[in-house]
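Engineer: The amino acid sequence is not available; the structure is as follows:
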């Protein structure tokens, strides 16, 4: 019996799955490399803040707490921060397995797995911070304004917009 030959194409699915782990590591490293020490508060934005303000931030850094001196109990890092699990990725819940079967026969399971790995679990992020959203509903009658800065309103984050 002759030994089976392996082509590099046979190893591609494993390499692709491992690359996703690297993407997550690189993203985490990049976030941890951000230095906000020299950042300065924007006085026009700061003028909007009151003692009764609450902040839903999609920023992984502690800019609000460290630069704007916002108490951490008034800030919700919905996607996590440097010290907690970070949520990142796309929000497309479509199962593309059939599409992958058409153009990537043999790799459809790996590609579907990559989709799952890179999907941002917005419902899990919400549940993790449910107390923050509950606090907002208790104060609903007092909410006068909602400001958005640097927020794209992309489909993946609509879950949180609806919750607010």
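Structural biologist: Now that the structure is in, tell me what you want to look at. Small disclaimer: the values here were computed from a predicted structure and weren't measured.

Engineer: nearest spatial neighbour of residue 93, skipping sequence neighbours?
Structural biologist: In space, residue 93 comes closest to residue 119 once its chain neighbours are excluded; the distance is 7.1 Å by C-beta to C-beta, 6 or more residues apart in numbering. The C-beta positions use only the backbone N, C-alpha and C, and glycine is treated the same way.

Engineer: Phi and psi next, for the one you found.
Structural biologist: When quoted as degrees, to the nearest 10, the phi and psi of residue 119 stand at phi -80, psi 130.

Engineer: Report pLDDT for it.
Structural biologist: For residue 119, the model assigns a pLDDT of 84.

Engineer: what are the bridge partners for it, then?
Structural biologist: residue 90 (DSSP bridges).

Engineer: From residue 88, how far off is it?
Structural biologist: Per C-beta to C-beta, to the nearest Å, residue 119 is found 10 Å from residue 88.

Engineer: which sections of this protein are below the confidence cut-off?
Structural biologist: Along the chain, the parts satisfying pLDDT under 70 run over 1-13, 139-141.

Engineer: got the residue ranges for the helices in it?
Structural biologist: 8-33, 43-46, 63-66, 97-103, 108-117, 122-128, 130-138, 158-163 (DSSP state H).

Engineer: Who are the contact partners of the residue nearest to residue 93?
Structural biologist: 89-93 (C-beta atoms under 8 Å, 6 or more residues apart in numbering).
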